[in-house]
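Trainee: build me a structure from this.
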Amino acid sequence: MLVHLSVHNYAIVEHLDLELKRGMSVISGETGAGKSIMLDALGLTLGDRADSSIVRIGADKADILASFDLDDIPDARAWLAERDLDNDGPCILRRVITAEGRSRGYINGTPCPQGDLKALGELLIDIHSQHEHQSLLKLDTHRRLLDEYSGSQELARQVQLAAQRWRQTRQTLERLSDSSDEQRARHQLLSYQLEELETLALGEDELEQLEQEHKNLANAEHLLGACRQVLDLCSESDAGNVLSALTASLNRLTAFQNQPGALGGSGQPVVQRSNTGRGGGWRTEPLPRPFRF
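Mentor: Here you go, the predicted structure:
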């Protein structure tokens, strides 16, 4: 049963403490006295939705606390024990809503989601009004009343435990089945990749050659650009500037000398400095094979 309700900064209420004892308690008042505000505040501790509009103007948060005596509510005690939330005293539900709209819930001082407050609240109290807490409309209540009337509470508990074990076993089976499917799919992928490699029948150094060819092809745009500039220099230069054009062309092509195969083997120096003759000079050598790019 509800034994204590404390409300701080909720709606128009700055502070309210309500103590209840066993037996019937009646709270009366004219319309607008605040009776529904107490019920709404209590509903927040039972998991109802809330937003920042319920915080009293000028306050930074609303804080509602409800204490329940569980001596006559064994289902609630069992619910708390299953989740390690039980204690020796009354059960305390607390809800805090900030002015920014953030909400926090607590059961016996332990933070909990709103769904836990709602689940436990349905075991603690019924609000017989137009609210959602009318337990007579819930299927779970129908089953509980039927089990109590037929004296089958222990059998119902055993069935519940067996159903939980069955669900856990089914989840484990589904997880293992999914894992098996993933392993089978990976095995098929690796087998396909292995068959592709065996079909290619790569030689001992062929992989390194393919990697080098890939690098050359990736650099093809820069290489073609350099070759076009060389051709432009050679075609536009007159007889007096042939030597300077060849020198500039050689300097451009030398940038690719550290890339094996980039010029198809034709990247060897084609113009060399000659030390023969007075004052030295330049001489050209034929390409070892046709130049291609």
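Trainee: quick one, helices of the stretch 1-150 of the chain?
Mentor: Secondary structure of the stretch 1-150 of the chain by DSSP state H, counting those that start in this stretch: the helices cover 35-45, 74-82, 114-124, 139-150.
Trainee: show me which positions of the first one end up buried.
Mentor: Across helix 35-45, burial judged by 16 or more other CB atoms under 10 Å covers 37, 38, 40, 41, 42, 43, 44, 45. Glycine gets a C-beta too; all of them are placed from N, C-alpha and C.
Trainee: residue contacts, the spatially most central residue of the chain?
Mentor: The chain has residue 113 as the residue nearest its centroid, 19.2 Å off, counting by CA atoms, centre = their mean. Neighbour list for residue 113: residue 105 [criterion: CB atoms under 8 Å, 6 or more residues apart in numbering].
Trainee: and it, how far is that from residue 70?
Mentor: Residue 113 sits at a distance of 21 Å from residue 70 (criterion: CB to CB, to the nearest Å).
Trainee: now the strands: where do they sit in the stretch 51-200 of the chain?
Mentor: 61-68, 91-98, 103-107, 110-112 (DSSP state E, counting those that start in this stretch).
Trainee: so can I have JSON lines of those strands showing mean pLDDT, mean neighbour count and distance to residue 221?
Mentor: Shown next, in JSON lines, are the strands of the stretch 51-200 of the chain (pLDDT from 0 to 100; neighbours: other CB atoms under 10 Å; distance: least, CB to CB, whole Å):
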{"stretch": "strand 61-68", "mean pLDDT": "95", "mean neighbour count": "21", "distance to residue 221": "64"}
{"stretch": "strand 91-98", "mean pLDDT": "95", "mean neighbour count": "21", "distance to residue 221": "60"}
{"stretch": "strand 103-107", "mean pLDDT": "94", "mean neighbour count": "18", "distance to residue 221": "60"}
{"stretch": "strand 110-112", "mean pLDDT": "94", "mean neighbour count": "14", "distance to residue 221": "61"}
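Trainee: residue 51 versus residue 101, what's the distance?
Mentor: According to CB to CB, residue 101 stands 6 Å off from residue 51.
Trainee: nearest residue to residue 72 other than its sequence neighbours?
Mentor: Excluding the flanking residues, the one nearest residue 72 by CB to CB, 6 or more residues apart in numbering is residue 1, at 7.1 Å.
Trainee: right, and the one you found touches residue 69 too?
Mentor: Yes - the criterion here is CB atoms under 8 Å, and residue 1 meets it with residue 69 at 5.3 Å.
Trainee: quick one: least confident helix or strand in the protein?
Mentor: None of the helices or strands of the chain scores lower by mean pLDDT, DSSP states H and E than strand 271-274, at a mean of 44.
Trainee: if I look at residue 78, how far off is residue 209?
Mentor: 73 Å.
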